[in-house]
Every structure is written in structure tokens, then in C-alpha cells.
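1. Sequence and computational prediction follow.
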Amino acid sequence: MTTTNEAQPRGPAEFERRLAESDAAVAAFDEEQPSLLQRFRHFLHAHPTVVPFLVLVLGIALFASLVGGRFFHPFNMSLILQQVTIIGVLGIAQTLIILTAGIDLSVGAIMILSSVVMGRLAVYVGLPVEIAFLIGLVVGLACGMLNGLLVTRLKLPPFIVTLGTWSIFGALNLWYSASATIRQQEIAATAPFLQWTGTALQFGAARLTYGSILMIVLAALVWYLLNRTAFGRHVYATGDDPEAARLAGIDTGRTLLAVYAIAGALCAVAGWVLIGRVGAVSPLSGQTANLDSITAVVIGGTSLFGGRGSIVGTLVGALIVGVFRNGLALSGVDVLWQEFAVGVLIIVAVAIDQWLRKVAQ
């Protein structure tokens with residue numbers, strides 16, 4: 001009987017203590033044994049490029065079965081890479097902005113304005129092409145800094161700021177260019193350096209342009225900046241939780257200003273790539289570049305809420321768009337349904353992002 005009495009709870013306090021220990025044991029067991037779905041979500045949250053990579057592989061397999069050997073022809077593969085080069089460079093710039101929980105609707109306008117400045121200064125003003133190119137880069141940098149100053153100093157929402165500067169830069173572009181196109185022959189005669197990014201290296205039937213190589217180099221440099229430097233950690237921290245980042249001693253305003261400035265300079269580089277791709281300088285080219293860059297970033301797994309994503313994912317996202325448009329075109333599908341498919345991809349990508357964000361909540 002003595003043993004039985006000692007095993008029983010002695011009073012309410014002892015009973016509550018044992019109940020708490022039991023609840024803690026159950027909670028610990030639950031934490032140690034997450035479900036398969038929970039483990040899968042945590043894996044995808046920690047590796048945001050896995051989903052877009054799987055989508056890319058499935059897309060390639062799908063169109064290979066539908067189109068056959070034409071899809072895997074070296075010329076077609078290199079054509080897809082050429083088609084996504086401009087969006088890839090702009091996507092790198094857009095990724096930096098979206099990682100900070102912002103968005104830039106003016107990247108396409110900055111790209112076109114910078115290309116027009118480069119072209120007109122070199123062809124019509126007669127400046128050495130290297131000087132004209134550098135001035136174009138400075139124009140892109142200045143446009144990005146203007147966006148950054150309006151966001152950081154006036155505390156305006158990035159969406160509203162860049163929506164306004166999109167119109168401003170577009171108007172400046174039409175005014176400075178007089179809505180006139182600089183022809184390919186004029187550039188080739190006076191400033192061939194501006195067309196250099198369109199020069200291709202021939203590998204059998206495949207053609208690899210210097211613009212595509214430049215995109216890969218820029219992606220590698222920005223990847224290193226984001227993943228191997230203190231500045232990159234500041235970018236992710238600012239996008240994830242700006243208040244916590246400030247309490248940790250990060251100058252979030254300075255970080256945002258630097259991000260927008262770098263993005264502006266990258267847009268100017270995209271303008272150089274655009275000249276090489278088109279061969280001419282047109283104030284009306286790249287009209288859908290703003291939305292295309294956002295599409296590549298979102299499909300690539302970068303969260304619109306900031307703090308999660310990668311440059312590699314953005315390049316994969318750009319390739320997904322290129323593969324789907326190319327595959328559907330080879331299948332004889334109308335352009336209307338190509339855009340429909342891209343729209344579906346965007347909605348699915350955002351839905352997956354929302355689902356994965358619950359892991360961190």
C-alpha cells in the first residue's frame with residue numbers, strides 16, 4: 001500500500017506538474033516527428049530553386065515529346081538562350097529589388113533610355129563609343145538612385161515610386177530620341193562596339209552570343225555579392241524583416257539605396273545587350289520588359305514578400321518562360337495561348353510561394 005500511495009499524485013500541485021510534463025513530452029514528440037508533407041515544405045522553403053528547376057525539366061520533357069527532335073536541335077536550344085538574355089539581365093536587377101520586398105516597374109524604361117543615350121551620343125553627337133557607353137551606364141545608375149532616394153528618403157512605396165518613374169523615364173526617352181530609330185547600318189558604321197553583345201560564337205549549328213555570356217557572368221557576380229558578402233546578408237535581412245535588421249545595426253536605408261543604384265546600372269547593361277540583340281536603337285523596343293522581368297523572378301522562386309530567393313532561380317525562371325513560349329510556338333499554338341500559359345505559371349508560382357511562407361510563420 002505504501003508503494004501505491006507514493007505513485008499517486010500528492011495534491012493539486014503535483015498533479016499539475018505531472019500533467020505539464022506529459023504535455024511537454026507530447027509536444028517534443030510532435031516536434032521530433034513532423035509529417036512527410038511538413039518536411040517537404042521545409043525542404044522547398046530552404047531550397048527555393050528546386051520547384052522552378054523541376055518545372056523547367058518537366059517543360060523540356062513535355063515539349064520534347066510533343067515536338068520531337070526539332071526542340072532539341074542545337075540551333076533551337078541556342079535560340080531559346082538568346083531570347084531570354086535581355087529578360088535574364090533585367091531579371092537579375094529585379095531580383096535585387098524584390099529581395100528587399102520592393103518592386104521596380106521602371107526597369108524596362110531605364111534600359112531603353114540608357115540604350116538611346118548610348119546610341120545617340122555615339123552616332124549623332126560623335127563622342128567616342130567608349131565614352132558614350134559609360135555615360136549610358138551613368139544614366140542607368142542615376143535613374144536607379146532616383147528610385148532609391150524616393151523610396152528611402154520620402155518613404156514612398158516602391159510600387160508607386162517606380163510606377164511614376166516608369167512614365168517619367170519613358171517620356172524622357174521619347175523626347176530625347178525624337179521617337180526616331182537609329183538604324184543598324186548607322187551603328188555598324190560609327191559605333192560597332194554597341195552591337196558587340198549580338199556577336200555570336202558558332203558551335204556547329206548552335207550560336208552563343210556574347211550577350212548570353214555576359215548575362216551568365218553578371219549572374220555569377222551578383223550571386224557572389226548576395227551569398228558571400230556582408231552586403232548580401234544585409235539585403236536578405238532588410239527584405240525579411242527591416243525592423244529587426246535595423247535593431248541588428250544594419251543601415252537599411254543605405255542598403256536599399258545601393259540596391260536600387262546597382263539595379264539601375266544593370267538595366268543600362270541590359271540596354272547594351274538590347275542593342276546587340278536588335279542591331280538598332282529603337283525607343284519603342286522592349287515594351288513588355290518590365291512585366292517579363294517580374295515574371296522571370298516570380299516563376300524562379302523569389303518571394304514577392306522579400307527575404308527569400310536567388311539569382312539562379314531567376315535565370316531558371318527566364319528559361320522556363322523561354323522554353324514554354326518556344327515549345328508552344330513549335331507546336332503551332334497561337335501567341336494568345338502562349339501568353340495564357342505564362343499567366344498560369346505566374347499564378348501557380350505565387351500560390352506556391354504563399355504556401356511555403358506558412359512554414360516561417
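-> Cool, the structure landed. Since we're looking at a predicted model, the values are computed, not measured. Numbers count the residues shown, from 1 in each chain.

2. mind showing which ranges of this protein have poor pLDDT?
-> Per-residue confidence for the chain (pLDDT under 70) gives these ranges: 1-34, 37, 41, 44-45, 356-361.

3. Can you verify my assumption that Ser114 contacts Gly144?
-> No - with contacts counted by Cβ atoms under 8 Å, Ser114 stays clear of Gly144, the gap being 10.4 Å. Any C-beta I mention is one placed from the backbone N, CA and C, and that applies to glycine too.

4. Quickly list what's touching both of these two.
-> When Cβ atoms under 8 Å, 6 or more residues apart in numbering defines a contact, the residues bordering Ser114 and Gly144 alike are Cys267.

5. Output stretch 66-73 as PDB, nothing but the C-alphas.
-> What follows is stretch 66-73, C-alpha atoms only, in PDB (Å, rounded to 0.1, in the frame of the first residue of the first chain):
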ATOM      1  CA  LEU A  66       5.300  16.900 -78.400                       C
ATOM      2  CA  VAL A  67       7.700  18.500 -80.900                       C
ATOM      3  CA  GLY A  68      10.300  15.800 -81.300                       C
ATOM      4  CA  GLY A  69      13.900  16.300 -82.500                       C
ATOM      5  CA  ARG A  70      13.200  19.900 -83.600                       C
ATOM      6  CA  PHE A  71      13.100  21.100 -80.000                       C
ATOM      7  CA  PHE A  72      16.500  19.600 -79.000                       C
ATOM      8  CA  HIS A  73      18.100  20.900 -82.200                       C
END
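
6. how distant is that stretch from the center of its chain?
-> Computed by Cα atoms, centre = their mean, to the nearest Å, the separation of stretch 66-73 from the middle of its chain amounts to 28 Å.

7. Outside of that stretch itself, list whatever touches it.
-> Against stretch 66-73 from outside (Cβ under 8 Å, 6+ apart): 60, 63-64, 76, 205, 326-327, 330-331.

8. Going by neighbour count, which of those residues comes out on top?
-> The most crowded member of these, judged by other Cβ atoms under 10 Å, is Gly327 (23 neighbours).

9. where's it, which helix or strand?
-> helix 311-330 (DSSP states H and E).

10. tell me which residues in that helix are buried?
-> Judged by neighbour count using 16 or more other Cβ atoms under 10 Å, the buried positions of helix 311-330 are 311-328, 330.

11. Then stretch 248-263?
-> Applying 16+ other Cβ under 10 Å to stretch 248-263 flags 250, 252-253, 255-263 as buried.

12. of all these, which comes closest to Glu186?
-> Set against Glu186, the nearest of these by Cβ to Cβ is Ala263 (30.1 Å).

13. which ones are touching the residue lying closest to the closest one once chain neighbours are set aside?
-> In space, and not counting its chain neighbours, Ala263 is closest to Ala93: 3.9 Å by Cβ to Cβ, 6 or more residues apart in numbering. Neighbouring residues of Ala93 by Cβ under 8 Å, 6+ apart: 104, 107, 262-264, 266-267, 270, 293.

14. mind listing the strands for the stretch 51-200 of the chain?
-> Using DSSP state E, counting those that start in this stretch, the strands found in the stretch 51-200 of the chain span residues 200-203.

15. The contacts of stretch 66-73 into JSON lines, with extra columns for distance to Arg228?
-> Output for the contacts of stretch 66-73, formatted as JSON lines (distance: Cβ to Cβ, whole Å):
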{"residue": "Ile60", "distance to Arg228": "30"}
{"residue": "Phe63", "distance to Arg228": "36"}
{"residue": "Ala64", "distance to Arg228": "36"}
{"residue": "Asn76", "distance to Arg228": "35"}
{"residue": "Ala205", "distance to Arg228": "37"}
{"residue": "Asn326", "distance to Arg228": "34"}
{"residue": "Gly327", "distance to Arg228": "36"}
{"residue": "Leu330", "distance to Arg228": "40"}
{"residue": "Ser331", "distance to Arg228": "42"}
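
16. Next, give phi and psi for Leu156.
-> Phi and psi for Leu156, reported as degrees, to the nearest 10, are phi -90, psi 150.

17. which residues sit in contact with it?
-> Counting by Cβ under 8 Å, 6+ apart, the residues that Leu156 touches are Leu150.

18. repeat that for 10 Å
-> The contact partners of Leu156, by Cβ atoms under 10 Å, 6 or more residues apart in numbering, come to 147, 149-150, 162, 164.

19. next structured bit after the strand or helix carrying Glu243?
-> In the assignment (DSSP H and E), Glu243 maps to helix 242-247. Remark: after helix 242-247, the chain's next helix or strand is helix 252-278, criterion DSSP H and E.

20. Give me the helices and strands touching whichever helix or strand comes after that following helix, please.
-> Remark: after helix 252-278, the chain's next helix or strand is helix 289-299, criterion DSSP H and E. Counting contacts by 3 or more Cβ pairs under 10 Å, 6 or more residues apart in numbering; DSSP states H and E, helix 289-299 packs against helix 50-67, helix 74-99, helix 107-120, helix 158-177, helix 252-278, helix 311-330, helix 335-357.

21. Helix 289-299 vs helix 107-120, what angle?
-> Between helix 289-299 and helix 107-120, the angle comes out at 130 degrees (axes from the mean of the first three to the mean of the last three Cα atoms, to 10 degrees).

22. tell me the angle helix 289-299 makes with helix 335-357.
-> Using the same axes, to 10 degrees: helix 289-299 against helix 335-357 is 40 degrees.
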